[in-house]
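1. from the sequence below, what's the structure:
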Amino acid sequence: MAYDILIIGGLSIIASIVCFFCAMAGSGSGLILVPLMILSGLTPVQAIAIHKFEALWTVASGWRYYKNDCFLKTDFNYYLFLGLIGTYIGARFIHFIPNDVLQISVALLILAVSIFINFSGKFKSGDTLTKTKRIILITSMFFFGIYEGTFGSGNGFFIAALFFYLIGSDEQKTVCMITILAAFWNIAATLTHFTFGSLLWHYALPIGIMAAIGAWFGAGYAMKVDKAKIRHVIFTISCIGGSILLLQSLI
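-> All right, here's what the predicted structure looks like:
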């Protein structure tokens, strides 16, 4: 019991710090927290379920962005609806993957996403929104939703890179839109995990509360920092976490 309290307390403190920075970048908390939770003794499914609840920090930061009317509104409802369907499908599917396969997959995804984060700033375009690009963006949200439900960590960086590349969208408004979408998608994933009994509330509640507190202050500070520096920090930490997790799964 005492050991669990120390683990939960430590993870909660780390979550508040991580989500302070991730609220500025719009994504990335799972890249750091999921490996830590698995290394602390949780199964991959439990760690991801808790991460989906912890990722409700997007509600705190997303509400702050929404109040300031600071997000991309074009086709937002389509993005939200298709993403919700995908999230539900993904969150159900993950429960049928064996733990050993899932742990290796999570480790590889963490490394892949962290590498992508490091180079994502180079994918930018000044093109306008055409009909074809609009269809691509709307359709892609279903698949982003599936990824959000199964794993989700770093999903926001993939979405942002697609918007930067296709339409050269404003970075701040794109991050704000992604955060608001993630808030709804994470609620759907959390409810799905809850129905499967994989959400451990004695972990999820304190970690989620501390994550939300960190994200609230992080969203308020977002306009004052260079996001590229934050992404480099997430890249470094997630590379370490993913490498440790991969080594642990192969030993």
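2. so how many other residues sit close to His202?
-> 10 (other Cβ atoms under 10 Å). From N, CA and C alone the C-beta is placed, and that goes for glycine too.
3. no no, Gly62
-> 26.
4. so it touches Ile180, yeah?
-> Yes - with contact defined as Cβ atoms under 8 Å, Gly62 counts as touching Ile180 (4.2 Å).
5. I figured Asp100 hits Leu250, correct?
-> No - counting by Cβ under 8 Å, Asp100 stays clear of Leu250, with 10.0 Å between them.
6. distance of the most centrally placed residue in the chain from Leu6?
-> What sits nearest the mean C-alpha location of the chain, by Cα atoms, centre = their mean, is Ser153, with 4.0 Å. Ser153 sits 24 Å away from Leu6, going by Cβ to Cβ, to the nearest Å.
7. just the helices in the stretch 1-150 of the chain please.
-> 2-25, 29-39, 44-54, 57-67, 76-93, 99-119, 131-150 (DSSP state H, counting those that start in this stretch).
8. which helices and strands sit right next to the fourth one?
-> Taking 3 or more Cβ pairs under 8 Å, 6 or more residues apart in numbering; DSSP states H and E as contact, the helices and strands that helix 57-67 lies on are helix 2-25, helix 171-195, helix 201-221.
9. tell me where the model's unsure across this protein.
-> Scanning the chain for pLDDT under 70 picks out 1-3, 26, 99, 117-127, 222-223, 225-231, 233-234, 245, 248, 251.
10. and Ser169, which of the three is it?
-> Secondary structure, DSSP: H, G, I helix; E, B strand; the rest coil: Ser169 is coil.
11. hmm, back to that, so the residue nearest to the centre of the chain sits against Val113, correct?
-> Yes - if you go by Cβ under 8 Å, Ser153 and Val113 touch, sitting 6.3 Å apart.
12. who touches both of those two?
-> Leu31 (Cβ atoms under 8 Å, 6 or more residues apart in numbering).
13. before we move on, back to that, please name the residues that touch the residue nearest to the centre of the chain.
-> Per Cβ under 8 Å, 6+ apart, neighbours of Ser153: Ser27, Gly28, Ser29, Gly30, Leu31, Val34, His51, Leu109, Ile110, Val113.
14. let's see that with 7 Å instead.
-> Gly30, Leu31, Val34, Ile110, Val113 (Cβ atoms under 7 Å, 6 or more residues apart in numbering).
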